[in-house]
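**Q** turn this into a model:
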Amino acid sequence: MKLKTLFVLLLAGSALAGCHRLDPNSPLAKRQAIFKQMLHASEDMGGMLRGRLVFDADKFRSDSLKLNELASQPWQYFPTAKPADEGGDTRAREEVWQRQLEFQADAKTFQQTVAALEANTRQATPTADGVRKDLAAVEDACEACHKKFRAL
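**A** Numbering: from 1, shown residues only. Just a heads-up that it's a prediction; the model follows:
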């Protein structure tokens, strides 16, 4: 009897857990997936500059290239007006849709700082001191946008 009860509870839990999943083709899910990839690359780079990871010039270059490839992608999944079905675990504030021009300008600033970082790593073998300023500019661009447009 206990096994049957446990099975029913597990089955019910699995069914409920599935209710909160996003449609992987939704704009929200697509932009979240891109942001997660961007975070993964930038966390490793930041870890190298903060001494949490050993500085690896090739890995840093690779991560900056990956970040640059991703930097232009998530913005297309922020429509100009908030969709009626923008539910789910979104952290986007209403300001994203209310202040579109400012949001787009911040996205462009972010893309420019990432491009500068990647160009720096492409021109010469990256060193911690040589990329520190560029990565700080990328992080500052992220933070500035998050403060205005992302709910914590």
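
**Q** dump the residue contacts of the most centrally placed residue in the chain.
**A** The residue lying closest to the centre of the chain (C-alpha atoms, centre = their mean) is residue 35, at 2.1 Å. Residue 35 makes contact with residue 74 under the criterion C-beta atoms under 8 Å, 6 or more residues apart in numbering. Where you see a C-beta, it was placed from the backbone N, CA and C, and this is true even at glycine.

**Q** relative to residue 41, how far out is residue 62?
**A** Residue 62 is 8 Å from residue 41, where distance means C-beta to C-beta, to the nearest Å.

**Q** between those two, who's got more neighbours?
**A** residue 41 (21 against 15; other C-beta atoms under 10 Å).

**Q** quick check: which element contains that one?
**A** helix 27-49 (DSSP states H and E).

**Q** phi first, then psi, for residue 92.
**A** Dihedral angles of residue 92 (phi, psi; degrees, to the nearest 10) stand at phi -70, psi 130.

**Q** skipping its backbone neighbours, what lies nearest residue 42 in space?
**A** In this structure, residue 42 finds its nearest non-sequential neighbour in residue 67, 6.0 Å apart by C-beta to C-beta, 6 or more residues apart in numbering.

**Q** that neighbour sits in which helix or strand?
**A** Residue 67 belongs to helix 57-70, assigned by DSSP H and E.

**Q** need the contact list for the residue lying closest to residue 27 once chain neighbours are set aside.
**A** Leaving aside its chain neighbours, residue 27 sits nearest to residue 77 (4.0 Å; criterion: C-beta to C-beta, 6+ apart). For residue 77, the contacting residues are 27-28, 30-31, 34, by C-beta under 8 Å, 6+ apart.

**Q** next: residue 73.
**A** Contacts of residue 73 by C-beta under 8 Å, 6+ apart are residue 34.

**Q** and it, how close does it get to residue 128?
**A** 28 Å.

**Q** and what of residue 42?
**A** Taken as C-beta to C-beta, the span from residue 42 to residue 128 is 15 Å.
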